[in-house]
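Novice: Below: sequence and its predicted model.
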Amino acid sequence: MDNLSRRGVLSLGVALGLVGVTSPVQAWASMGSDAGAAAGTGPEWIWDEAADPLMVSMLENGHVPAINTAWGSWVNNNDPLPAGMPADFTAYLRQVNKLPSWADPAKLTRAADFNRRRDLYLFMLYGLGSGIMSTVIPREAKSVYWAAGGSDMQDRAAKTFTFGYDLSQLKAFEPEGQFIVTANKTRVVHAAVRHLLPQSPHWKAVADETIPISAADILVTFHSLGTYVHRKLLDWKIKYPVADQEAFLHSWQVAVHLLGVPDQYIPQTWAAAEAQSAKVLTPILTPTTEGIALAEELLGLTAQIDLGVTRGFLNEFVRYVLSDQVGDWLGLKRDYVAAGLVRTAWPAYILFREGLSPVMPGTFYAIDQMVRALGMLFLNKGDSGTTTPITIPTGNRKD
């Protein structure tokens, strides 16, 4: 695929950005991570000891606007830390702006190549699978809706899309790449939201937690992205050798580490990840008022551009990759003609792309056009040359 469609990887999938889950702490035990078994000791009770108090200070002392201005020039992993930021904030970034000691450069390089080779499948699954799945994760949907970004989902999607695009770059983790910087910016944004969102009366009225975005929440979002996509690629019988599987997992392990999750809770194998996901993600999926609104807004954004396919096709593709139950929860109107097309054209499309069928499906170019158009939608509101800078919020949604 061309560079434009590669930029679509993860856009909708991470458009909702913030994360949430409701699960017993026992669900984290005995699944490839050293999770606590007693209430109060598992990842649901872990936030970010390094970033959280720092961001309270930055917000309460009015430093955030200066930070947002200063770090606009801090883009590549090897860029010097920018001037113009408080000394304690700079000291924090200097401490965390690096790969973990256990990161494997060879696996990260292979993961980047895997993202390049499988970009279309990843985009479709992250975008119309993971992204819409996040609207039926109750805590996630409520947090996203009532945070500042919830009032402008196109801008929110474009900003959070930067995380996914930078993760998918060929040199994402290398000095000239951008993902380490992007991950650290995202970690700081999470810390800011942990301080701000509990001040929202709207969020407090619907939340079943007092502090959002725990380590458990971040892991659940990893499962709705990485673990979900891993399983779908296997189910669709995409060429996906073991070395690619291990590299893909490793890139997500590093990404989750950079977001501040303690290493002992990060699954070490895909088997452990799938077992964990089955206990902490699948059982909690359910609709909420906020999630229904977010799903409609995200899918409705596509009406702004010519996708080459109908809204009915999008609705039916969501049902295809998630389930009719999720489609019913979100009130996605049925289009039975499009449903038949999706269920016949997509498998044929995979067979042709994988070289298993010499017959190009008649919908081949329509599907390619949809991918390109969706990718364009989240590129800085249509500017294919840039992504939208990540900025720290200073408040919550007002309405």
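Specialist: Here it is on my side, so go on.
Novice: neighbours of residue 213, just the number please.
Specialist: If you count neighbours by other Cβ atoms under 10 Å, residue 213 ends up with 27. From N, CA and C alone the C-beta is placed, and that goes for glycine too.
Novice: make that residue 274, sorry
Specialist: 17.
Novice: Let's verify the closest residue in space to it that isn't next to it in sequence: helix, strand, or coil?
Specialist: Nearest residue to residue 274, sequence neighbours excluded (Cβ to Cβ, 6 or more residues apart in numbering): residue 227, at 6.0 Å. Here residue 227 is recorded as helix under DSSP: H, G, I helix; E, B strand; the rest coil.
Novice: which ones are touching residue 227?
Specialist: Taking Cβ atoms under 8 Å, 6 or more residues apart in numbering, we find residue 227 in contact with 270, 273, 274, 276, 277, 281.
Novice: isn't the fourth one right up against residue 267?
Specialist: Spelled out, that is residue 276. Yes: between residue 276 and residue 267 there is a contact under Cβ atoms under 8 Å: 5.6 Å.
Novice: higher neighbour count, those two?
Specialist: Taking other Cβ under 10 Å, residue 276 and residue 267 do not tie; residue 276 has more neighbours (27 against 24).
Novice: just how off-centre is the strand or helix carrying the more buried one within its chain?
Specialist: Following DSSP states H and E, one finds residue 276 within helix 270-280. Chain-centre distance of helix 270-280: 18 Å, with Cα atoms, centre = their mean, to the nearest Å.
Novice: Could you do stretch 210-225 as well?
Specialist: What separates the centre of stretch 210-225 from the centre of its chain is 11 Å, taken as Cα atoms, centre = their mean.
Novice: list the buried ones in that stretch?
Specialist: Under the neighbour-count criterion of 16 or more other Cβ atoms under 10 Å, stretch 210-225 has 212-225 buried.
Novice: Report the mean per-residue pLDDT for it.
Specialist: Averaged across stretch 210-225, the pLDDT comes to 95.
Novice: and if you look at stretch 245-265?
Specialist: 97.
Novice: Go through that stretch and flag the buried ones.
Specialist: Residues of stretch 245-265 classed as buried: 245-261, 265 (neighbour count, 16+ other Cβ under 10 Å).
Novice: And stretch 114-123, by the same measure?
Specialist: Buried positions in stretch 114-123, judged by neighbour count with 16+ other Cβ under 10 Å: 114, 115, 118, 119, 120, 121, 122, 123.
Novice: all helices of the stretch 251-399 of the chain, in order?
Specialist: Assigned by DSSP state H, counting those that start in this stretch, the helices in the stretch 251-399 of the chain fall at 270-280, 289-300, 311-321, 324-329, 336-353, 364-377.
Novice: With pLDDT added, can I get the contacts of residue 227 in TSV?
Specialist: Listed next are the contacts of residue 227 as TSV, based on pLDDT from 0 to 100:
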residue	pLDDT
270	98
273	98
274	98
276	96
277	97
281	97
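Novice: Pick out whichever of those residues sits closest to residue 192.
Specialist: Distance to residue 192, by Cβ to Cβ, is smallest for residue 281 among the contacts of residue 227, at 25.3 Å.
Novice: how about the helices in the stretch 101-250 of the chain?
Specialist: For the stretch 101-250 of the chain, applying DSSP H, counting those that start in this stretch gives helices covering 105-117, 119-125, 131-133, 138-146, 153-168, 179-196, 201-206, 215-222, 228-235, 242-258.
Novice: what residue ranges in the chain are flagged as low confidence?
Specialist: Low-confidence regions of the chain, defined by pLDDT under 70, span residues 1-41, 158-161, 302-308, 370-387.
Novice: Swap in 80 and give it another go.
Specialist: 1-41, 123, 152-162, 164-165, 301-309, 362-388, 399 (pLDDT under 80).
Novice: one step back: dump the helices of the stretch 101-250 of the chain to CSV, plus distance to residue 73.
Specialist: Shown next, in CSV, are the helices of the stretch 101-250 of the chain (distance: least, Cβ to Cβ, whole Å):
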stretch, distance to residue 73
helix 105-117, 24
helix 119-125, 28
helix 131-133, 30
helix 138-146, 28
helix 153-168, 15
helix 179-196, 11
helix 201-206, 33
helix 215-222, 28
helix 228-235, 33
helix 242-258, 20
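Novice: Could you name the stretch from those that's closest to residue 341?
Specialist: Smallest distance to residue 341 across these (Cβ to Cβ): 14.8 Å, for helix 119-125.
Novice: Give me the helices and strands touching that closest one, please.
Specialist: If contacts are counted by 3 or more Cβ pairs under 8 Å, 6 or more residues apart in numbering; DSSP states H and E, helix 119-125 sits against helix 3-6, helix 228-235, helix 311-321, helix 364-377.
Novice: how near is the closest residue to residue 390 other than its chain neighbours to residue 253?
Specialist: Leaving out its chain neighbours, the residue that sits closest to residue 390 by Cβ to Cβ, 6+ apart is residue 185, at 4.4 Å. Using Cβ to Cβ, to the nearest Å, residue 185 is found at 20 Å from residue 253.
Novice: can you check residue 82 too?
Specialist: In terms of Cβ to Cβ, residue 82 sits 28 Å off from residue 253.
Novice: now swap in residue 183 and tell me
Specialist: Plainly put, residue 183 is 12 Å away from residue 253 if you go by Cβ to Cβ.
Novice: same thing with residue 216?
Specialist: Distance from residue 216 to residue 253, by Cβ to Cβ: 16 Å.
Novice: Likewise for residue 54?
Specialist: From residue 54 across to residue 253, the span is 25 Å (Cβ to Cβ).
Novice: residue contacts, residue 146?
Specialist: Counted by Cβ under 8 Å, 6+ apart, residue 146 has contacts 197, 200, 202, 203, 206, 290, 396, 397.
Novice: Using a markdown table, please lay out these together with distance to residue 360.
Specialist: Formatted as a markdown table, those follow (distance: Cβ to Cβ, whole Å):
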| residue | distance to residue 360 |
| --- | --- |
| 197 | 49 |
| 200 | 51 |
| 202 | 50 |
| 203 | 49 |
| 206 | 48 |
| 290 | 42 |
| 396 | 49 |
| 397 | 46 |
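Novice: Show me how to select, in PyMOL, the buried members of the residues you listed.
Specialist: Selection of buried members from these for PyMOL, criterion 16+ other Cβ under 10 Å:
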select buried, resi 197+200+202+203+206+290+396+397
